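J.: dropping the sequence and predicted coords here.
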Amino acid sequence: MFIKLTRSGSRTYAQLVESFRDELGKPRQRTVATLGRVDEQDGQVDALLNGLLRAKGRPVGATEGPQVRFESALSLGDVWALDALWHELGFDGLAAVFRRARFTTAVEAAIRVMVFNRLCDPESKLGVLR
């Protein structure tokens, strides 16, 4: 069984559909139930979703997706290129050097952040924290 969205004019309906094979072995589908209009606020589909969430023991407001912020490719491309160059030049080997010197902080990571900051968005060392 699966959910199938069907359109009728400007309206969209959710249907519960079952797949099966007929007597000749051909795959067929039959609508088991029409769950309601998807485009309605607080309609039958929303009531069904809330009931299913309660049955699973999840909070009703859990249907909202995660908050995602997209960055433009230009704002991340320079960091990606610098990271690849950092590894190609072998600067990531500094981490082992600082570990042998018994540093407890990630000195190589801090140096990398400061170098990338100077090349991408020149600021002071204090500006890196901002």
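T.: Thanks, I have the structure now. Fair warning: this is a prediction, and the values are worked out from it, not measured in the lab.
J.: shaky segments in this structure?
T.: 61-66, 71-76, 125, 130 (pLDDT under 70).
J.: can we see that at 90?
T.: The model of the chain has pLDDT under 90 over residues 1-3, 5, 8-14, 33-83, 90-130.
J.: state which helix of it is the longest.
T.: In the chain, ranked by residue count with DSSP state H as the criterion, the top helix is helix 73-88.
J.: using CSV, list the CA coordinates for that helix.
T.: Only the C-alpha atoms of helix 73-88 are listed here, as CSV (Å, rounded to 0.1, in the frame of the first residue of the first chain):
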residue,chain,number,x,y,z
ALA,A,73,27.6,28.3,-3.9
LEU,A,74,29.8,31.4,-4.3
SER,A,75,30.0,31.9,-0.5
LEU,A,76,31.1,28.3,0.1
GLY,A,77,33.3,27.7,-3.0
ASP,A,78,36.3,29.6,-1.6
VAL,A,79,36.3,27.6,1.6
TRP,A,80,36.0,24.3,-0.3
ALA,A,81,38.9,25.2,-2.6
LEU,A,82,41.1,26.3,0.3
ASP,A,83,40.3,23.1,2.2
ALA,A,84,41.3,21.0,-0.8
LEU,A,85,44.5,23.1,-1.2
TRP,A,86,45.2,22.8,2.6
HIS,A,87,45.1,19.0,2.4
GLU,A,88,47.0,18.9,-1.0
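J.: the helix or strand following that helix: how far from the chain's middle?
T.: Downstream of helix 73-88, the first helix or strand assigned by DSSP states H and E is helix 94-100. Offset of helix 94-100 from its chain centre (C-alpha atoms, centre = their mean, to the nearest Å): 34 Å.
J.: just the CA coordinates of helix 94-100, formatted as CSV?
T.: Extracted in CSV, the C-alpha atoms of helix 94-100 (Å, rounded to 0.1, in the frame of the first residue of the first chain):
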residue,chain,number,x,y,z
LEU,A,94,50.4,19.9,11.4
ALA,A,95,47.8,18.2,13.6
ALA,A,96,50.2,15.3,14.3
VAL,A,97,53.1,17.7,15.0
PHE,A,98,51.0,19.5,17.6
ARG,A,99,49.8,16.2,19.1
ARG,A,100,53.4,15.0,19.6
